[in-house]
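In: coordinates only, sequence not included:
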């Protein structure tokens, strides 16, 4: 498990970084927080592009930085695949030659996917003869991902790779990132300030604020905590790992999750497709009696597990346990008092089918369609 511990400051009165966390050997660990919190500084230090004042970085069993022992492995020997906001492709080379450049940098004895596998994984076979100037922003990023992966790194470092893309191109690239995560078999450290990217890709989350780690752990567990800065966001809520059960003639899709089912107007794929869905707390109402004669499609019976007032507001989070899963509702404290809500009582969580405004790609999502020329 890669271990990262870094301390660095940028002069008197400047920004100070003091962060330590572990990165699991597989999957995506997202560094998340507001601009200026230290995310890119951490990535630069791991890649060897920044020499911190103090720290230790271990990747794939190899210590590449240990200031206490005077260890500083140069960037070119760390075997970090780095993908930046801009693709940084060689403009005078074709897509294939750009990819082959990454392949030539791979150690001879390093395991990893071959050229054809990477091309198929990222859906870029039809682009091989083109130059970067003839590609869309999303296509360029997919080629950059392929080049980094073909170098067969110990770890992939992604510094806000979708930040320069518009919404349509971001939606295009996200499924390919999910496929890369599942196929790479290596740790991926992913910097972002976009919560939808965290929802779609992250297995683990490191929350940063002012150069410090606020919390770190599985993404779903941190999303459900009401004591973290995430809870202050208007899109705060829980993440549910779902699987498409069936589609109805009424245009609704039924999603199974541990403890219940959800109906949604989304169409994420055929039965069996797995995905992660954010249920926003502000989209959830609660009832002390089972409602009848209402339009809300999702009525989930559960048990009131916790009531947490939101500091500085007239609101409160109500946590409803639906089987092994939790649903968060954000309601007024007046409603808490008026309904006589108390821990342990039976409660129904109400979620409209039209509130799921985006789908996110789960660990075994279906292959995304190839981008047309």
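Out: Arrived safely. Keep in mind that what you see is a predicted model, and the values were worked out from it rather than measured. Numbers count the residues shown, from 1 in each chain.
In: Show the average pLDDT along stretch 90-109.
Out: Averaged across stretch 90-109, pLDDT comes to 92.
In: Now do the buried residues in it.
Out: 94, 95, 96, 98, 99, 102, 103, 105, 106 (16 or more other C-beta atoms under 10 Å). Glycine gets a C-beta too; all of them are placed from N, C-alpha and C.
In: Adding distance to residue 258 and secondary structure, write these out as CSV.
Out: Formatted as CSV, these follow (distance: C-beta to C-beta, whole Å; DSSP: H, G, I helix; E, B strand; the rest coil):
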residue, distance to residue 258, secondary structure
94, 47, coil
95, 42, helix
96, 45, helix
98, 43, helix
99, 40, helix
102, 40, helix
103, 42, helix
105, 43, coil
106, 40, coil
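In: The residues you listed into TSV, with extra columns for distance to residue 83?
Out: As requested, the buried residues of stretch 90-109 are exported to TSV (distance: C-beta to C-beta, whole Å):
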residue	distance to residue 83
94	19
95	15
96	18
98	13
99	13
102	11
103	16
105	14
106	16
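In: Identify the farthest-apart pair in these.
Out: Distance extremes for the buried residues of stretch 90-109: the farthest pair is 94 and 106 at 19.3 Å, using C-beta to C-beta.
In: What ranges does the stretch 1-150 of the chain have for its strands?
Out: 3-9, 16-22, 27-32, 54-59, 62-66, 71-72, 80-83 (DSSP state E, counting those that start in this stretch).
In: Can you check which of these gets nearest to residue 351?
Out: That would be strand 27-32 among the strands of the stretch 1-150 of the chain, by C-beta to C-beta, at 24.8 Å.
In: which outside residues touch the closest one?
Out: 21, 23, 39, 42-43, 181, 187-193, 195, 197-198, 201-208, 219 (C-beta atoms under 8 Å, 6 or more residues apart in numbering).
In: Mean neighbour count, distance to residue 143 and mean pLDDT for the strands of the stretch 1-150 of the chain - can I get that in JSON lines?
Out: Below are these laid out as JSON lines (neighbours: other C-beta atoms under 10 Å; distance: least, C-beta to C-beta, whole Å; pLDDT from 0 to 100):
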{"stretch": "strand 3-9", "mean neighbour count": "19", "distance to residue 143": "28", "mean pLDDT": "94"}
{"stretch": "strand 16-22", "mean neighbour count": "18", "distance to residue 143": "30", "mean pLDDT": "95"}
{"stretch": "strand 27-32", "mean neighbour count": "26", "distance to residue 143": "20", "mean pLDDT": "95"}
{"stretch": "strand 54-59", "mean neighbour count": "21", "distance to residue 143": "24", "mean pLDDT": "94"}
{"stretch": "strand 62-66", "mean neighbour count": "18", "distance to residue 143": "27", "mean pLDDT": "94"}
{"stretch": "strand 71-72", "mean neighbour count": "13", "distance to residue 143": "31", "mean pLDDT": "96"}
{"stretch": "strand 80-83", "mean neighbour count": "24", "distance to residue 143": "10", "mean pLDDT": "92"}
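In: could you dump the ones you listed to TSV with distance to residue 229?
Out: Converted to TSV, the strands of the stretch 1-150 of the chain look like this (distance: least, C-beta to C-beta, whole Å):
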stretch	distance to residue 229
strand 3-9	21
strand 16-22	15
strand 27-32	10
strand 54-59	24
strand 62-66	29
strand 71-72	33
strand 80-83	26
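In: So which of the contacts of strand 27-32 belong to helices?
Out: The helices, defined by DSSP state H, take in 39, 42, 43, 181, 195, 197, 198, 201, 219 from the contacts of strand 27-32.
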